[in-house]
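1. Whatever this is, show me its structure:
(chains A and B)
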Amino acid sequence: MLDDFFTRALIGGIGVALVAGPLGCFIVWRRMAYFGDTMAHSALLGVALALLLEVNITLGVFAIAAGGAMALVLLQRQAVLPTDALLGILAHSTLALGLVLVSFMAWLRIDLLAYLFGDLLAVTQTDIALIYGGGLAVLALLAAIWRPLLAGTVSEELAAAESLNPERARIIFMLLMAAVIAIAMKIVGILLITSLLIIPAATARRFAPGPEAMALIASLLGMLAVVLGLFGSLQFDTPSGPSVVVAALLLFVLSLLSHAVRRGSRPAGALEKTS
Amino acid sequence: MVNVTPAPMPVDSSGTDTPQPEVQAAEAPLIEAPLIEARGLGVRGRDRWLVRGVDLAIRPGEIVTLIGPNGSGKSTTVKALLGILETTEGNLTRRADLRIGYVPQKLSIDYSMPLTVRRLMTLTGRHGRAEIDTALGEVGIVHLAEQPVQQLSGGEFQRALLARALIRRPQLLVLDEPVQGVDFGGEIALYELISGIRDRLGCAILMISHDLHIVMGQTDTVICLNGHVCCSGTPQTVTASPEYRALFGSRAAAALAIYRHDHDHVHLPDGRVVGHDDGDDQGHDHGDHHHHDRESPLPEDGTAAKRDPRDAG
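-> Numbers count the residues shown, from 1 in each chain, chains lettered A, B, ... in the order given. Predicted coordinates:
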C-alpha cells in the first residue's frame, strides 16, 4: 500500500498534522506566529548549508532553525530592536541567504519550489518513518513539558514562582518547533509550514472547552485539511502544499460562519419570543 | 527586566528539620525560624539599582506588607525573594521545599486560550475536583467554576487567582497588589478575605499594597521601600517614623489612626483631624504635604541619606 505515492502523501501529511496541532496551539497562545514563520524561513538556509556540507537535510534544517531561535532569544534580551523588527530582519535575510547560497551551487539541480511550497507527492517511505518517529518524539516531549509550558504561557512569573522552570520549558518548546519545521518541510514547504501550525489551532479555538481539547481538535482539523487538500489537489491538479493550506483555510472560514450563525440566531430567537 | 532561572540559593539548613507549619496561632510563630530571609539583598537593572540593601524575614503565619511609591522596588523585591529575578548581591535563605502560592500583579489571559476557572486551578499542580471546589468555596466563587476566565470581572478574577494560589496549601502566600482592577466595594471584601486566610490556613502572607489605610490594620510587619528599606516594623512604629511621613505625607501618617483608633479623632469637613491622641497630628491639615517633622533624624545607615529630597516636601 505504501508503494502508492498518494497513500504515502496522505500518511505523511496526516502525521505532520497530528504533531502540528498541539504545537500550533502554543504558537497561537503565546503569540509566536511570526516567530514560527521566521524559524521556517531560516530553513532554506539550513537546506543550502546541508547540501553544501553534504549532511542530512532534515538535520541541517533543524540545526539552523533551532540556532536562529536561540539567536533571536539572545537578541531579544539585548533589546536592541523591537521583536517584530528583529524577526523581519532574521526571517527574510536567512531566506535570501539560502536562495543566494543555492544559486551558487550550480552543480546541484534542486527543485527550489519543492522546498518552498512542499512536494507532498514525493514523500518517500524514509520520510514517513522520519515524520512518525520524529513526530512521536516531539509529542512525547511536549507532553512532558506540558504543565510548565502552559503555566508559563499564562504567566512566566507565576510558573517560576511556583518552581516549574518555565524558561527551560520555553527553550525545549522552541527546539520542538525547529524539529517540526524540519520534518514538515517536505510536506507543506518552508513558506507554508506556519499556516499548518496556526490555522487548525485557530479553528479549534471555537470548539474547545479547554487547552488540552483545543490541542486535540487542532490535530484532527489539521488531518482533515490534509485529506481534503490532497484529494482536491488530485482532483483539480493543483500543487499539494497550497491545496492543504487552502483546505485548512476553508475549515477556518466555515467555523467562523457557524459561529456567526449560532451567535446571530440567538438574539433573533429572543426577539421573536418577546414580540 | 530579564527573567532568569532562579539562582541556586543557599538553603537554611536549620529549616530542613523544622516541622511543617500546620495551622497555628497567629501569636506563636514569631520565634520560629523564618520561611524566607533576605540580608542585604540587591537587584541591579540594566543601568541602575532597582532595589538595594533589603533586610527582611518572613516567619510562619506572619503578614508582612511592602509599601512604597511607584518604582520603589516593591515588585522587584518580591520577585527576587521568589527567585523570579536573580539577585545581584546579598543573601537569600529559603526554607527547603517552601511551598509558595503566588498571585502576580498583572495577569491577562489571552482570549485565544480556552481556560475555565476549574482548569486554571490546576495550572501548576494536580488537584482533585473536590479540592478545587473547596478552594473556590473559600473565596466564594464556586458557582463560577465552569466559566471561562476571560469572562470574569476584575474582582472575580482576583478571587480565582487567590483560590489558585490557596489550593496549593502554601506556607507562604505572596500577593502583588491583590486588589488591582477591583472596584472599591470589592477591594474591602477582598482584603477581609485575605486577612481571614491567615487565620484559617495559618500561612504567612507577603503582600504589596497601595492601600495604606486598609493594610495597616491587618499587618504584623510593614516594610517601607524606596529603593532601599526606609523603615520597617509594626504598623505603629512605621507610621510614627519620619521616613514614612516623608514618603507618604502626613495624610498617610493618619492611616493607622483611622484604622486602629477609630474613636479618638474626628475628621472636620476640610480634612483636619481633631481630638487625636497623637500630639503630632493634632489639628494637622490632611491636604498639606509640608511636614513639621523636619527634625527627623536620618537613619544611621548612610543609605537613607540618598532619599530623594523632593519626597521630604
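2. Look up phi and psi at the residue of the stretch 101-250 of chain A found nearest chain B.
-> Among all residues of the stretch 101-250 of chain A, A:Ala161 sits closest to chain B, at 3.8 Å; criterion: CB to the nearest CB. Every residue, glycine included, has its C-beta placed from N, CA and C. Backbone torsions for A:Ala161, taken as degrees, to the nearest 10, come to phi -60, psi -30.
3. Which residue comes closest to it once chain neighbours are left out?
-> Nearest residue to A:Ala161, sequence neighbours excluded (CB to CB, 6 or more residues apart in numbering or on different chains): B:Tyr102, at 3.8 Å.
4. show me where the stretch 151-300 of chain B has strands.
-> B:172-176, B:204-208, B:221-225, B:229-233, B:266-267, B:273-274 (DSSP state E, counting those that start in this stretch).
5. how close does A:Gly222 get to B:Val229?
-> Distance of A:Gly222 to B:Val229, given as CB to CB, to the nearest Å: 55 Å.
6. I meant A:Arg206, not that one.
-> Look at A:Arg206 and B:Val229: by CB to CB, they are 51 Å apart.
7. cool, and B:Ile208?
-> B:Ile208 is 14 Å from B:Val229, by CB to CB.
8. Who has more neighbours out of A:Gly222 and B:Val229?
-> Set A:Gly222 next to B:Val229 and count neighbours by other CB atoms under 10 Å in any protein chain shown: A:Gly222 wins out with 30 against 26.
9. Name the residues of the stretch 151-275 of chain A found near chain B, please.
-> A:151, A:153-165, A:167-168, A:202, A:205, A:208-211, A:213-214 (CB under 8 Å from any CB of the partner chain).
10. any weak-confidence spans in the chain?
-> Using chain A here. For chain A, the stretches with pLDDT under 70 are A:1-3, A:263-275.
11. Switch to chain B, please.
-> B:1-31, B:213-214, B:250-313.
12. Chain A contacts on that one?
-> Residues of chain B lying close to chain A (CB under 8 Å from any CB) are B:2-6, B:79, B:82-84, B:100-102, B:104, B:107, B:109-110, B:112-116, B:119-120, B:123-125, B:168, B:174.
13. Which of these are buried, as a PyMOL select command?
-> PyMOL command restricting the residues of chain B next to chain A to the buried ones, with burial defined by 16 or more other CB atoms under 10 Å in any protein chain shown:
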select buried, chain B and resi 3+6+79+82+83+84+100+101+102+104+107+109+112+113+114+115+116+119+120+123+124+168+174
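14. Which ones among the residues of chain B next to chain A lie within strands?
-> Under the assignment DSSP state E, the residues of chain B next to chain A contribute B:Ile100, B:Gly101, B:Tyr102, B:Val174 to strands.
15. nearest to A:Leu108, of the residues you listed?
-> Relative to A:Leu108, the closest of these is B:Tyr102; by CB to CB it sits at 55.0 Å.
16. Quick check, the closest one in contact with A:Leu158.
-> Yes. Counting by CB atoms under 8 Å, B:Tyr102 touches A:Leu158, with 5.6 Å between them.
17. so what's the one residue in the stretch 1-150 of chain B that gets nearest to chain A bridging to?
-> Nearest residue of the stretch 1-150 of chain B to chain A: B:Tyr102, at 3.8 Å (CB to the nearest CB). B:Tyr102 has these beta-bridge partners by DSSP bridges: B:Val174.
18. List the contacts of B:Leu35.
-> Contact analysis of B:Leu35 by CB atoms under 8 Å, 6 or more residues apart in numbering or on different chains lists B:Gly15, B:Pro21, B:Ile58, B:Arg59, B:Pro60, B:Arg94, B:Arg95, B:Leu98, B:Gln171, B:Leu172, B:Ala204.
19. which phi and psi does it have?
-> Here is the backbone geometry of B:Leu35 (degrees, to the nearest 10): phi -70, psi -40.
20. Which residues are in contact with the residue nearest to B:Thr221 when sequence neighbours are not counted?
-> Excluding the flanking residues, the one nearest B:Thr221 by CB to CB, 6+ apart is B:Val64, at 4.7 Å. Contacts of B:Val64 were listed using CB under 8 Å, 6+ apart, and they are B:Leu56, B:Ile58, B:Ala204, B:Ile205, B:Leu206, B:Met207, B:Thr219, B:Asp220, B:Thr221, B:Val222, B:Ile223.
21. Can you verify my assumption that the fifth one contacts B:Ile58?
-> This points to B:Leu206. Yes. Contact status for B:Leu206 versus B:Ile58: in contact at 5.7 Å, counting by CB under 8 Å.
22. what is in contact with the two at once?
-> Contacts common to B:Leu206 and B:Ile58, judged by CB under 8 Å, 6+ apart, are B:Ile36, B:Val64, B:Leu172.
23. Which positions within the helix or strand that A:Lys186 is a member of qualify as buried?
-> Per DSSP states H and E: A:Lys186 is located in helix A:166-188. Within helix A:166-188, the residues scored as buried using 16+ other CB under 10 Å are A:166-167, A:169-170, A:172-188.
24. Check stretch A:91-106 too.
-> Buried positions in stretch A:91-106, judged by neighbour count with 16+ other CB under 10 Å: A:Ala91, A:Thr94, A:Leu95, A:Leu97, A:Gly98, A:Leu101, A:Val102.
25. Please tell me how far the fourth one sits from A:Ala65.
-> For A:Leu97, the distance to A:Ala65 under the criterion CB to CB works out to 14 Å.
26. Am I right that A:Gly189 is in contact with A:Asp111?
-> No. Counting by CB under 8 Å, A:Asp111 is not a contact partner of A:Gly189; they are 10.8 Å apart.
27. Of those two, which one has the most company?
-> Per other CB under 10 Å, whichever of A:Gly189 and A:Asp111 has more neighbours is A:Gly189, with 27 against 9.
28. Could you measure from that one over to A:Phe6?
-> To A:Phe6, A:Gly189 is 18 Å away according to CB to CB.
29. Likewise for B:Val182?
-> From B:Val182 over to A:Phe6 the distance is 59 Å, taken as CB to CB.
30. So between these two, which is more surrounded?
-> Taking neighbours as other CB under 10 Å, B:Val182 and A:Phe6 compare with B:Val182 leading, 21 against 15.
31. The more buried one: what's it in contact with?
-> B:Gly154, B:Gly155, B:Gln158, B:Leu190.
32. list the contacts for the last one?
-> When contacts are counted by CB under 8 Å, 6+ apart, B:Leu190 is found next to B:Gly155, B:Gln158, B:Arg159, B:Leu162, B:Pro178, B:Val179, B:Val182.
33. burial measure for the fourth one, as a count.
-> This points to B:Leu162. B:Leu162 has 23 nearby residues by other CB under 10 Å.
34. Apart from its chain neighbours, what residue comes closest to it?
-> If the residues on either side of it in the chain are set aside, B:Leu162 comes closest to B:Val139, at 5.3 Å by CB to CB, 6+ apart.
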